[in-house]
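> Based on what follows, work out the 3D shape:
(2 chains)
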Amino acid sequence: MSNTAAAGHTLAHGDNYINHTPGIKSWLGTLDHKRIGMMYLYTILCFFLLGGIFALMIRWQLFSPDSHFVDHDKYNRLFTYHGAIMVFMVIIPLIPAAIGNFVLPMMLGAKDVAFPRWNLASYYVYLTGALFAASTLFLKGVDTGWTFYTPLSIRTQSSATWVLIGAFIMGFSSILTGLNFIVTIHKLRAPGLTWDRLPLFVWALYATSIIQVLATPVLAITLFLLILERTIGIGIFDPKLGGDPVLFQHFFWFYSHPAVYIMVLPGMGVISEIIPVFSRKPMFGYKAIAGATFGIALVSFVVWGHHLFVSGQSEFANFVFSLITMFVAVPTGVKVFSWLGTMYKGSIRFNVPMLYVFSFLFVFTIGGLTGVFLATVSVDVHLTDTYFVIAHFHYVMVGGTIFAFLGGLNYWFPKFSGKMYNETAGKIACLLVSLGFNVTFFPQFILGTLGMPRRYANYLPQFTTLNMVSTVGSWMIAAGLLLTAFYLWRALKNGKPAGDNPWGALTLEWQTPSPPPMENFLYDPVVTDGPYEYRGEKIKLGMYA
Amino acid sequence: MSSSVSTQPGEHHHAHHFSSAIAEFEACKQGMWIFLVTEVLFFSGMFLAYAVLRVFYPDMVHEAHHMLDWRLGALNTVVLLTSSLTMALAVSSAQRGNKERTVKMLAITLLCAFMFLIVKYIEYKAKWEHGTLPGHLFINEHLKLEKTPLFFSVYFVMTGIHGLHVIIGIGIIFHIMRRAARGDFSKDYFTPVEITGLYWHFVDLVWIYLFPLLYLIS
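Down below sits the predicted model:
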């Protein structure tokens, strides 16, 4: 992809972004996008662990129909924290702010993001908001569900206000990251890196950033009004004072539906990077995928009403939202078939990142198709607030975002650290996570159609077996994730040197030493070709290729 | 938004990751425009809440709006429009490298901003005396129509957030006025003045919508 001289790389292997300046202070005050990305990564993973512990506690409670592990009040708090932490603190920032921060400027051949100080500020804003929200664990907790529906969220005696303030603050971090990325992509591309040569991960982050910038302010004003609702009773969302609780739902989902695509588009971008590298083939339908990314972003703004099918929305609105929602399947289908087309007749290598791609495709397709079930009003009325919705959501969010993240983490780990992880351990972990995921959530589709409602601490005895299976699955996921943490930690400590470009990838971030030097490149890169031109294998393959 | 520091008056070094000062200027300007888009969407939530209120309770909104003094609102509109003009003049002076005129125009803009806040204070004080405050704080007994507190909730939220933007604007304008007086800007570098101007015009524009929607209901 670039004419950066590979020979000179060995010269710079002593000095990189990790050891450039020593000491914790040089990290906490850094303006370097790679360090900020790593700070994001570690912080988000801490919250991922916390949210995961809540998930395990939920599943433990549901192992038997009349469990007394926690009481109903505590159970409400468990699922609220699981949802709020995983959505606001983990999945939304996970790929853009952690991996994206590191990789995006490098893919563009830039030295940094456009506004490095705002980038650092966004990290601290995120941290402040997250700590605000998490501090309620030591207060009265929060029991509204992560959606904060009124009037419950106005009347609840729990510490909802603090969580609302925390989410409000974190929104600014999301906006700052999005704004920074848009300007970076526009203004800091290397010479020759034209729009049709951008890696698809960059396209995905671009579309994500646009959604972040357009949708997050609406969440901000919604949460702000809700905070005022709780403190001085302004009444806009309070039926008792003449306000409208359905208006709150419109406000909330106007952000939170596009937010689903903030979560999944970067994941799709990661998948688009991994597939051509591990199939040794040019991307099939490059322009179609880039276009579909924007198609999804556009449609995401006009489908929020499908969350209100049973909230008293007019039947006409239901019809319109149902129809538009089904359109989401079109660009998504374009992507899935383009990915398959890329793999077709490729020389596929079954390394860990690629295995996560297969898991992603399998699971995400189920998640997407069950989304069409839920978009159909008549079916949705039956399935609303059942475990079917839970299963669908997790198939998309975990199967989509988390699997893509794990694939991306393994894929870029050699670039982040300069070390190679243990392939066998990685494969076992991937198997555990993928199998465990399906064992956990597939039974929930069945439970949902049988009518088991979500958000209850106990359930009828006839649902016992499927719930037990689901809980066992949650242990498999936990085991797989712990194994992942363990083998990556081992690799960091004493992994073998990975080389600069172990996968033989063509995008710019691989055309520089691993770990990268402080200013990313030893020479200013000039781009002469597209990102996936694997025809004829112009470049020398790395040792793991 | 610039991440570099001027070493000497009038001399500006663009940040290392930009290829040129022009690239940096363009990036900052684009960043500000995107920020303003987020602001539009932030305010749009309040405008939507306002619209719902008018549809739900047209009579109440009509009666309650008489509690607002349209003359003070109109005065503030004139004040802010004037400040927008002086801000535009400040930007064009900065582009020409006319330091004295830039500082003078920014000072007048600041003056207008303060005047806006003083008028707003007079209005808020009257609300306080009449007890027409938002939500649970509402204690006025003359306004009889149902749900009247809602109007004042929306009024205070909208004008309050706008007022907060004015206060933040005062801080920023004061800061760049000092920088201008120090001689940080020149024909080749006036990015902060330009993007502050964009922000300030946006703050004025919001008021241009707030004034008729809140004060001039018929």
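> Poorly predicted segments of the chain, please.
Picking chain A for this. Applying pLDDT under 70 to chain A flags residues A:1-13, A:536-545.
> oops, I was thinking of chain B
For chain B (pLDDT under 70), the answer is B:1-11.
> Alongside chain A, which residues does it contribute?
Counting by C-beta under 8 Å from any C-beta of the partner chain, the residues of chain B close to chain A are B:1, B:3, B:15-18, B:23, B:26-27, B:30-31, B:34-35, B:37-46, B:48-49, B:52-53, B:56-57, B:134-137, B:146-147, B:149-150, B:153-154, B:157. For glycine as for every other residue, the C-beta is placed from the backbone atoms N, C-alpha and C.
> Can I have the buried ones of those residues as a ChimeraX selection?
Listed next is the ChimeraX selection for buried residues among the residues of chain B next to chain A, using 16 or more other C-beta atoms under 10 Å in any protein chain shown:
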select /B:1,3,15,17,18,23,26,27,30,31,34,35,37,38,39,41,42,43,45,46,48,49,52,53,57,134,135,137,147,149,150,153,154,157
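> Sort out for me which of the residues of chain B next to chain A are in helices.
B:23, B:26-27, B:30-31, B:34-35, B:37-46, B:48-49, B:52-53, B:56, B:149-150, B:153-154, B:157 (DSSP state H).
> Could you count how many residues lie near the residue of the stretch 351-500 of chain A found nearest chain B?
Relative to chain B, the nearest point of the stretch 351-500 of chain A is residue A:415 (19.3 Å; C-beta to the nearest C-beta). Look at residue A:415: counted by other C-beta atoms under 10 Å in any protein chain shown, it has 24 neighbours.
> What sits closest to it if chain neighbours are left out?
Nearest residue to residue A:415, sequence neighbours excluded (C-beta to C-beta, 6 or more residues apart in numbering or on different chains): residue A:514, at 5.1 Å.
> just the helices in the stretch 351-500 of chain A please.
A:352-375, A:377-383, A:387-396, A:403-417, A:423-449, A:464-494 (DSSP state H, counting those that start in this stretch).
> can you tell which of those helices is closest to residue A:325?
helix A:352-375 (3.8 Å; C-beta to C-beta).
> Pretty sure residue B:26 sits against residue A:114.
No: counting by C-beta atoms under 8 Å, residue B:26 stays clear of residue A:114, with 9.9 Å between them.
> what do those two both touch?
Contact criterion C-beta atoms under 8 Å, 6 or more residues apart in numbering or on different chains; residues shared by residue B:26 and residue A:114: residue A:187.
> On the three-state scheme, the residue nearest to residue A:415 is what?
Under DSSP: H, G, I helix; E, B strand; the rest coil, residue A:514 falls in the coil class.
> Enumerate every residue touching it.
A:414-415, A:417-418, A:498-501.
> Now compare these and name the two farthest from each other.
A:417 and A:501 (14.3 Å).
> These two: who's more crowded?
Using other C-beta under 10 Å as the criterion, residue A:417 and residue A:501 rank with residue A:501 on top: 26 against 20.
> With chain B as the reference, measure out to the more buried one.
To chain B, residue A:501 is 23 Å away according to C-beta to the nearest C-beta, to the nearest Å.
> In terms of helix, strand or coil, where does residue A:64 fall?
With three-state DSSP as the basis, residue A:64 sits in coil.
> residues near the residue found closest to it once you drop the neighbours it is linked to in the chain, how many?
Nearest non-adjacent residue to residue A:64, counting by C-beta to C-beta, 6+ apart: residue A:464, 6.7 Å away. Neighbours of residue A:464 under the rule other C-beta under 10 Å: 15.
> any idea how far residue A:464 is from residue A:76?
22 Å (C-beta to C-beta, to the nearest Å).
> can you count the residues close to residue 152?
You didn't say which chain, so I picked chain A. Residue A:152 has 14 nearby residues by other C-beta under 10 Å.
> that's the other chain; I wanted chain B
Residue B:152 has 25 neighbours, counted by other C-beta under 10 Å.
> and it, what is it in contact with?
Counting by C-beta under 8 Å, 6+ apart, residue B:152 has contacts B:64, B:67, B:127, B:132-134, B:138.
> ok, residue B:77 touching residue B:207?
Yes: counting by C-beta under 8 Å, residue B:207 is a contact partner of residue B:77 at 6.6 Å.
> Comparing the two, which residue is more hemmed in?
residue B:207 (22 against 19).
> in what helix or strand does the more buried one lie?
helix B:191-215 (DSSP states H and E).
> From the contact counts, what lies against that helix?
helix B:21-56, helix B:70-95, helix B:99-130, helix B:148-182 (3 or more C-beta pairs under 8 Å, 6 or more residues apart in numbering or on different chains; DSSP states H and E).
> could you pull out the helices for the stretch 201-350 of chain A?
All helices of the stretch 201-350 of chain A, identified by DSSP H, counting those that start in this stretch, fall at A:245-279, A:286-300, A:315-327, A:329-343.
> measure the residue nearest to residue B:25 when sequence neighbours are not counted to chain A for me?
Distance criterion C-beta to C-beta, 6+ apart; nearest residue to residue B:25, sequence neighbours excluded, is residue B:191 at 5.0 Å. The gap separating residue B:191 from chain A is 12 Å, by C-beta to the nearest C-beta.
> Can you report how many residues lie near residue B:164?
Neighbours of residue B:164 using other C-beta under 10 Å come to 11.
> what does residue A:320 give?
Residue A:320 has 16 neighbouring residues, counting by other C-beta under 10 Å.
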